[in-house]
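Peer 1: here are the coordinates; sequence isn't available:
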């Protein structure tokens, strides 16, 4: 099945279900914060596993007590697709288990 870019309205509608996720039009992104570096690093490993399962990878930055994800789909010209939203959903589903909190 071909991956197609979502309209800006579709992106915004889908992000309503993903608190903390934002869009700049061509990407969706989110920052998570943690009490310590180890919790953040552990979540990075879990995110890497999800990305491998999906065959879709984000830009992922690990800070001292933060993680920042930013993602779009390169194969459609760097636009947001349903695959990006699915990655965000899967990451959101594991976040609380790693102690992630709102920045």
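Peer 2: Great, that's in hand. Quantities reported herein were computed from a predicted structural model and do not represent experimental measurements.

Peer 1: What separation is there between the residue nearest the centre of the chain and residue 36?
Peer 2: Against the mean C-alpha coordinate of the chain, by Cα atoms, centre = their mean, the closest residue is residue 88 at 3.8 Å. Per Cβ to Cβ, to the nearest Å, residue 88 is found 24 Å from residue 36. For glycine as for every other residue, the C-beta is placed from the backbone atoms N, C-alpha and C.

Peer 1: Could you list the low-confidence segments of the protein?
Peer 2: 1, 103 (pLDDT under 70).

Peer 1: show me the contacts for residue 26.
Peer 2: 72, 78, 79, 80 (Cβ atoms under 8 Å, 6 or more residues apart in numbering).

Peer 1: Which elements pack onto whichever strand or helix holds residue 93?
Peer 2: Per DSSP states H and E, residue 93 falls inside helix 82-95. On a contact count with 3 or more Cβ pairs under 8 Å, 6 or more residues apart in numbering; DSSP states H and E, helix 82-95 meets helix 8-15, strand 28-33, helix 37-54, strand 66-71.

Peer 1: Kindly reformat those as a markdown table containing mean neighbour count and distance to residue 84.
Peer 2: Shown next, in a markdown table, are the helices and strands packed on helix 82-95 (neighbours: other Cβ atoms under 10 Å; distance: least, Cβ to Cβ, whole Å):
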| stretch | mean neighbour count | distance to residue 84 |
| --- | --- | --- |
| helix 8-15 | 15 | 9 |
| strand 28-33 | 20 | 6 |
| helix 37-54 | 15 | 10 |
| strand 66-71 | 19 | 5 |
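
Peer 1: and of the ones you listed, who's closest to residue 94?
Peer 2: Residue 94 lies closest to helix 37-54 among those, at 5.5 Å (Cβ to Cβ).
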